[in-house]
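A.B. asks: Coordinates for the following, if possible.
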Amino acid sequence: MPYSKKSKQLSLDWIYKIVSIRGLKMPIGALFCAALAISLYLTAIGHGFVLDDNLVITSNTHIQEGMGGIPDLLKYNYAHGHDGYNDGLYRPLSLVSFAIGQAMHELNPSILHITQALFYGLLVLMLYLWLSQLFVDHKAAVFWIVVLFTVHPIHTEVVANIKSRDELFALLFFAIAAWQFTLWLNSRKVTSLIWAMLFMLLASFSKESAVTFIAIIPLIAIYLKSNRKTVALGSLAMSAPVALFLIIRSLVLSNLGEVDSGVANLLQNSLIEMGGIAERIVTSATIQGLYIEKLFFPVKLSHDYSFNAIPVVGFSSLIGLLWLIINVGFIGLGVWGAMQQKLWAFGILFYYITISVVSNLFILIGAMAAERFVFTPSLGWVIAIVFALFGVERIKKFRTPALAVITLVFSGLTLFRIPDWKSNLELFTTDVEVSDNSARAHYNAGTALNDHAKAKPREAKESFAKAEYHLTRAIEIWPEYQDAYNNLGITYMNSGAIEKAYETYSTLIKRFPTYNKARYNMGMTCYNLKKYPEAEKHLEVYLSAYPTNVNALLYAAEAEGYQNKFGEAREHLLSLVAIDPNSVNGYMKLGIASGMLQDNENALKHLKKAEQLAPKNADVKINLAVYYLSNGVPNEAKAYLEQCLQYHPGHPRATQLLASINAQ
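C.D. replies: Model (predicted):
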């Protein structure tokens, strides 16, 4: 390693001056990197909740309970708070931080983004401290490693997306654990090893992929030329907290039943339902090729690489074979380099070790690929690249300017990418241009545009047209995409193309008769088309699966009322008000149904209950007037109509009825 001492002679010596912060010697370079990290991501301060934030945070009942929800976060799976959804994951630490955020500031997204930026700043600070201990004679290289890691655009998915705090926490706590472990190797202070074990435990509770950090521990010891006994002792000690986590995880998940089938399917990961071992090996290598490409050229980033953005390929794919050879070559190079104590080899092995668990080679996971999966491994990539550059003496005078230019370019790309994470609409409509072959990317874009059309009526026509295109494209890519059919039907309904909605739902139900979401929407479509018998049929099927849906109960009763099935309508309405005792429409319709069945006593009781709940409701007043008119009490009817007009001057139905009474 001929360049080990020469790095001290660079013109960056001022960066390595030491300041004292509460007794801890803190390199100015570390503070610079932390400040840079925070500055970059504070630009997301005005952003909202995006992507899976809904699943993990905003619609998670355990987190909404604040501090009171923490026990449930510890004893259930990751997404359990979202309607009991079992994703088979256990990573409670980031969820606990969100629960604390709910208690402190009611999950204000701006505060959460500030917090995210601060955690990222703390992470790069800890990385600097660890790497400075590990590569003690290479301060200039350490500086550039941490700088390039800090500004790499591929990290935007983790830092700009609040939900990905699990990824951030896992690396943060491992960086502290590795720092303390390295201090133990250098000083043999037991307290350092205890701290290392504690933070290794916290990393494990942050995300399951922290299990790969066990293999980094002996790598650290080997690079510090520790003897075999020390390597074995350190590895055993650091494995203990991970083993404890795995035991707790197993106990928690074993009592939660089967994992939801939607977590791992063709849409999420094509390898789950397609191909054999050959396809798995070559496709995994192709995915690694994508990651390597994005690490070197971090442009055209995307939140989604699901079916069919990355096709399953076998040995017949020349590109797949090429990437397989390249990856095997890199791994072999890393092993050889580590045996020679080459510093760049540490980076190569760090990369492949930490990405192994999400590579889809050894185990199939619930995603084909994701940029967040490269967050931790990218540290290894940066270590390898920087030390490779520092190992070439001929480029010494160009090294610093080149690294500075790369830093500026990466910083610009990061600042350009962060705004895409402002909202679902921004993210989905931007990324679909990159992931044109992804069914889910088109589904996400179409769904976001549909929501945007409802929120911005002036832009509705254009938004609905774009939503139709993207949802249709999603179905073209994956004809089995039930949710895409469903949302396409919703787009037609919202845009007034009811007949097209009817055709879409007819096709969907014919192909997937057990898909219950379609039954509700088909029922509503038929109701709007005044096909009441058909509306009743579909809503009944839906209610057999979801008997407590108050909207389905109400419209089923409405459809039955139009068919003069007032007895059946009343049964549905009684169920409705039992579920929702404050339903004005429920009691009003129940009063009408009872009146049509000549049950005048209950008709009046239910109408009065509706009036009690909504004293100024025009429809309630008019129905009370109609009740009294039909029972020969015109004065009472007149009083209710006058009240209606008092609250709603000029109401046409009330005006008409009142004129009719006065004319008699």
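A.B. asks: all strands of the chain, in order?
C.D. replies: Shown for the chain, the strands assigned by DSSP state E span residues 18-21, 24-27.
A.B. asks: Quick check: which ranges of the stretch 101-250 of the chain have low pLDDT?
C.D. replies: For the stretch 101-250 of the chain, not a single residue meets the criterion pLDDT under 70.
A.B. asks: residue boundaries of the helices in it?
C.D. replies: With DSSP state H, counting those that start in this stretch applied, the stretch 101-250 of the chain shows helices at 109-134, 139-151, 156-159, 165-187, 190-206, 213-223, 228-253, listed in chain order.
A.B. asks: nearest to S302, of these?
C.D. replies: helix 156-159 (9.2 Å; Cβ to Cβ). (C-beta placed from N, C-alpha, C; glycine too.)
A.B. asks: helices or strands up against that closest one?
C.D. replies: Helices and strands touching helix 156-159, by 3 or more Cβ pairs under 8 Å, 6 or more residues apart in numbering; DSSP states H and E, are helix 109-134, helix 165-187.
A.B. asks: List the buried residues in it.
C.D. replies: T156, E157, V158, V159 (16 or more other Cβ atoms under 10 Å).
A.B. asks: gap between the last one and V151?
C.D. replies: When Cβ to Cβ, to the nearest Å is the yardstick, V159 and V151 sit 11 Å from each other.
A.B. asks: Repeat that for A637.
C.D. replies: The separation that A637 has from V151, given Cβ to Cβ, amounts to 74 Å.
A.B. asks: before we move on, back to that, could you point out which of the buried residues of helix 156-159 is nearest to D431?
C.D. replies: Among the buried residues of helix 156-159, E157 lies closest to D431 (Cβ to Cβ), at 10.4 Å.
A.B. asks: Now A501. Nearest residue, chain neighbours left out?
C.D. replies: Closest residue in space to A501, ignoring its immediate chain neighbours: Y492 at 3.7 Å, by Cβ to Cβ, 6 or more residues apart in numbering.
A.B. asks: Hmm, that neighbour is touching L508, no?
C.D. replies: No - contact between Y492 and L508 fails when scored by Cβ atoms under 8 Å: they sit 11.9 Å apart.
A.B. asks: Dump the buried residues of helix 156-159 to a markdown table, plus distance to A30.
C.D. replies: Below are the buried residues of helix 156-159 laid out as a markdown table (distance: Cβ to Cβ, whole Å):
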| residue | distance to A30 |
| --- | --- |
| T156 | 22 |
| E157 | 25 |
| V158 | 20 |
| V159 | 18 |
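A.B. asks: Now that V231 has come up, it's in contact with I222, right?
C.D. replies: Yes - applying Cβ under 8 Å as the test, V231 and I222 come out as touching, 6.5 Å apart.
A.B. asks: The two: who's more crowded?
C.D. replies: V231 (18 against 15; other Cβ atoms under 10 Å).
A.B. asks: Which neighbours do V231 and I222 have in common?
C.D. replies: Both V231 and I222 lack any common contact, where contact means Cβ atoms under 8 Å, 6 or more residues apart in numbering.
A.B. asks: residues contacting Q133?
C.D. replies: Shown in contact with Q133 (Cβ under 8 Å, 6+ apart): W179, T182, L183, N186.
A.B. asks: With A309 instead?
C.D. replies: With contacts defined as Cβ under 8 Å, 6+ apart, A309 is in contact with S302, M368, A369, S435, N437, S438, A441.
A.B. asks: my read: the second one touches N360, true?
C.D. replies: Yep, that's M368 we're talking about. Yes - under the contact definition of Cβ under 8 Å, M368 touches N360, with a separation of 7.0 Å.
A.B. asks: Of the two, which one has the most company?
C.D. replies: The neighbour count for M368 versus N360, taken as other Cβ under 10 Å, is higher for M368 (27 against 23).
A.B. asks: quick one: that one from S284, how far?
C.D. replies: Using Cβ to Cβ, we find M368 at a distance of 10 Å from S284.
A.B. asks: Return every residue with contacts to both of these two.
C.D. replies: Listed as contacting both M368 and S284 by Cβ under 8 Å, 6+ apart are L271, N360.
A.B. asks: Pull the number of nearby residues for S630.
C.D. replies: Quick note: S630 (other Cβ under 10 Å) scores 12 neighbours.
A.B. asks: wouldn't it be in contact with G595 here?
C.D. replies: Yes - the pair formed by S630 and G595 meets the contact definition of Cβ under 8 Å, at 7.2 Å.
A.B. asks: in this protein, what spans have low per-residue confidence?
C.D. replies: Regions of the chain meeting the criterion pLDDT under 70 cover residues 1-25, 261-264, 275.
A.B. asks: Which parts of the stretch 551-664 of the chain are helices?
C.D. replies: Taking DSSP H, counting those that start in this stretch as the criterion, the stretch 551-664 of the chain carries its helices at 566-579, 584-596, 600-613, 618-630, 634-647, 652-663.
A.B. asks: Cool, thanks, talk later.
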